[in-house]
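Novice: Mind looking at a prediction? Sequence and model below.
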Amino acid sequence: MGHRGKKAAASLLLMATVALAACGREAPVEPDTPRVQVLEVKPATYNPRVQLTGDIRARVQTQLAFRVSGKITERKADVGDRVTPRQVLARLDPKDLQNNVDSANAAVAAQQARVTEARAAFQRQAILLPKGYTSRSEYDNAQAQLRANESSLAAAQAQLANAREQRGYTDLVADAPGVITARHAEAGQVVQAAAPIFDLARDGERDAVFNVYEALVGQAAEGTPVTVSLLENPAISVVGQVREVTPAVSSQSGTLQVKVALPELPTAMRLGAVVSGSVETPGKAMVELPWAALTKDVHDPAVWLLQEGKVVLRKVVVARYLTGKVIIADGLQAGDTVVVAGGQVLHPDMKVEVAQRVNP
C-alpha cells in the first residue's frame with residue numbers, strides 16, 4: 001500500500017471512531033412543560049346567610065349568695081323553681097351569729113354600767129367644785145371619763161346593731177321575681193360569704209345569646225336584625241336586633257358573645273330554649289375558587305396566576321372557607337386567569353401549558 005492509501009485508511013478510521021463516539025452519547029431531553037387547568041376570574045355578589053346557634057336567656061341574671069359565712073341547714077329552692085320577692089331560698093345555722101348578738105348585748109350592758117358610774121362621779125365633782133372641796137383637775141378628769149365611757153357605749157351599741165343585722169343574713173331571700181337557673185350548694189355545706197348559692201334569671205326582657213367567631217362579628221354589628229327560630233320547630237320565630245357584642249374573646253372557646261334583644265316571645269320559646277339565629281349579610285363582589293386553587297406565600301394564602309404563558313404567585317384575602325371551595329374577598333380582579341389544578345409543582349416565572357379552561 002502506498003503512502004496515499006495509508007493516509008486514506010487513517011482518515012476512514014478516524015471518521016469511524018468519531019461516529020462511534022457520537023452514537024454513544026444521547027441527545028439532551030427537553031424538560032416537560034407542566035400542564036395546568038385554569039379559570040378566568042369573574043367576581044359575583046356574595047351575601048351568605050350566617051346561621052348561629054344559641055339559647056334564650058334573661059336580660060338580667062343575678063347570682064344569689066349569703067352575706068355571711070356559715071353552714072347551710074336548709075335549702076328550700078331548686079333549679080327550675082319560680083320564686084317571688086323576699087321568698088326564703090336557704091338558711092344558715094344561726095348559732096354562731098346568735099352568740100355574737102348575745103356577746104354584743106353583754107358588752108352594751110357592761111358599758112352602760114360604766115357610763116352610769118362615770119356620770120355619778122362627774123355630778124359629784126360638779127357639786128363639790130363651786131364649794132372648793134375639789135380641784136379643777138379632778139372635775140376635768142371626771143368629765144373626760146364620762147365622755148370616754150359614753151363614746152364606748154355608742155361603739156358597743158353599734159356593734160350590737162351590726163351583730164343583729166348579721167344575724168338577719170342567715171336567711172337567703174330572692175331579691176326579685178324570676179326562675180332559678182343554677183344551684184351551687186347543698187344543705188350541710190359550709191359556705192363563705194359571697195359564694196354563689198343560686199343563679200336567678202329575673203322576669204322581664206329576654207335575649208338570644210350566641211357565641212360567634214371573631215371573623216363573623218363584623219356581620220353582626222349592633223342594630224343588625226336577626227331572625228331567631230326555635231331549633232326544634234323553625235316555624236316558631238321572631239325578629240330581634242343585636243344589642244351587645246362582648247369586646248373580649250373568650251380564652252376557652254375563642255369566640256365573642258353576641259346578645260340579641262327580643263320582643264315579646266312566643267309561648268313555646270321559653271327560658272333556656274335552644275334557638276338558631278339567621279343574619280343576612282350585605283352583598284359584596286367576591287370570587288369563588290375550588291380548594292385546589294389555594295396555595296400559600298410563606299404564611300399568607302395565595303394563588304397562581306397565568307400571565308403571558310408563565311405563572312406568578314399572588315397573595316389573596318380569604319373571606320370564608322366552605323366545603324370544597326373558598327371565597328376570595330381581595331387580591332383578584334375580573335379577567336385574571338387562576339391555576340385551579342396542577343399547581344403543586346409550580347414556581348414563579350415557570351412556563352406552563354394550559355390543558356383545560358374551566359368554566360366558573
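Specialist: Done, it's in.
Novice: which residues touch residue 335?
Specialist: Contacts for residue 335 (CB atoms under 8 Å, 6 or more residues apart in numbering) come out as 40-41. C-betas here are computed from N, CA, C, even on glycine.
Novice: Please report how far it lies from residue 351.
Specialist: Computed as CB to CB, to the nearest Å, the residue 335 to residue 351 distance reads 21 Å.
Novice: One more: residue 149?
Specialist: Residue 149 is 106 Å from residue 351, by CB to CB.
Novice: Comparing these two, which residue is more hemmed in?
Specialist: residue 149 (20 against 11; other CB atoms under 10 Å).
Novice: Quickly list the domain ranges of this structure.
Specialist: Domain segmentation of the chain under the TED database yields 35-46+284-358, 51-57+203-280, 62-90+171-201, 94-169.
Novice: Could you dump those into CSV with mean pLDDT added?
Specialist: As requested, the domains of the chain are exported to CSV (pLDDT from 0 to 100):
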stretch, mean pLDDT
domain 35-46+284-358, 86
domain 51-57+203-280, 87
domain 62-90+171-201, 95
domain 94-169, 92
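Novice: can you list contacts of the top strand by length along the chain?
Specialist: Using DSSP state E, we find that the single longest strand of the chain is strand 233-245. Applying CB under 8 Å, 6+ apart, the contact partners of strand 233-245 are 207-208, 217, 220-230, 256-263, 265-266, 268-269, 276.
Novice: partners of that strand, with directions?
Specialist: Sheet pairing for strand 233-245, assigned by DSSP bridges, gives strand 225-230 (antiparallel), strand 255-261 (antiparallel).
Novice: which is the next helix or strand following the longest one?
Specialist: Taking DSSP states H and E as the definition, the helix or strand that follows strand 255-261 towards the C-terminus is strand 274-280.
Novice: what's the distance between the helix or strand following that next one and the middle of its chain?
Specialist: Under the assignment DSSP H and E, the closest C-terminal helix or strand after strand 274-280 is strand 284-290. With CA atoms, centre = their mean, to the nearest Å as the basis, strand 284-290 stands 30 Å off its chain's centre.
Novice: how close does the most centrally placed residue in the chain get to residue 211?
Specialist: In the chain, the centroid-proximal residue (CA atoms, centre = their mean) is residue 250; its distance is 2.9 Å. Residue 250 sits 7 Å away from residue 211, going by CB to CB.
Novice: so what's in contact with the two at the same time?
Specialist: Common neighbours of residue 250 and residue 211, using CB under 8 Å, 6+ apart, are 256-257.
Novice: Figure out the length between the terminal residues of stretch 251-269.
Specialist: Counting by CA to CA, to the nearest Å, you get 30 Å between the two ends of stretch 251-269.
Novice: likewise stretch 249-262?
Specialist: Stretch 249-262: ends 24 Å apart by CA to CA.
Novice: From the rest of the structure, what touches that stretch?
Specialist: Here stretch 249-262 makes contact (CB under 8 Å, 6+ apart) with 52, 56, 59, 205-214, 217, 220, 226, 228, 238, 240-246, 248, 277.
Novice: Buried ones among those?
Specialist: Listed as buried from the contacts of stretch 249-262 are 52, 56, 206-210, 212, 217, 220, 226, 228, 238, 240, 242-243, 277; burial here means 16 or more other CB atoms under 10 Å.
Novice: longest helix in the protein, by residue count?
Specialist: In the chain, taking DSSP state H as the definition, the longest helix is helix 95-131.
Novice: Which SSE is immediately downstream of that one?
Specialist: Assigned by DSSP H and E, the successor of helix 95-131 is helix 136-168.
Novice: Distance check, residue 119 against residue 258.
Specialist: Applying CB to CB to residue 119 and residue 258 gives a distance of 69 Å.
Novice: higher neighbour count, those two?
Specialist: Taking other CB under 10 Å, residue 119 and residue 258 do not tie; residue 258 has more neighbours (27 against 15).
Novice: Specify the beta-bridge partners of that one.
Specialist: residue 210, residue 245.
Novice: what sits against the closest residue to residue 195 other than its chain neighbours?
Specialist: Nearest residue to residue 195, sequence neighbours excluded (CB to CB, 6 or more residues apart in numbering): residue 65, at 5.7 Å. Going by CB under 8 Å, 6+ apart, residue 65 touches 172, 193-197.
Novice: switch to 6 Å and redo it
Specialist: 194-197 (CB atoms under 6 Å, 6 or more residues apart in numbering).
Novice: Between those, which sits nearest residue 181?
Specialist: residue 196 (11.5 Å; CB to CB).
Novice: what's across from the nearest residue to the closest one once chain neighbours are set aside in the sheet?
Specialist: Excluding the flanking residues, the one nearest residue 196 by CB to CB, 6+ apart is residue 63, at 4.2 Å. Beta-bridge pairing for residue 63 (DSSP bridges): residue 199.
Novice: Around residue 63, how many other residues sit close by?
Specialist: Residue 63: 13 neighbours (other CB under 10 Å).
Novice: Let me know the pLDDT of residue 11.
Specialist: As predicted, residue 11 sits at a pLDDT of 57.
Novice: before we move on, back to that, what packs against the longest helix of the chain?
Specialist: When contacts are defined as 3 or more CB pairs under 6 Å, 6 or more residues apart in numbering; DSSP states H and E, helix 95-131 packs onto helix 136-168.
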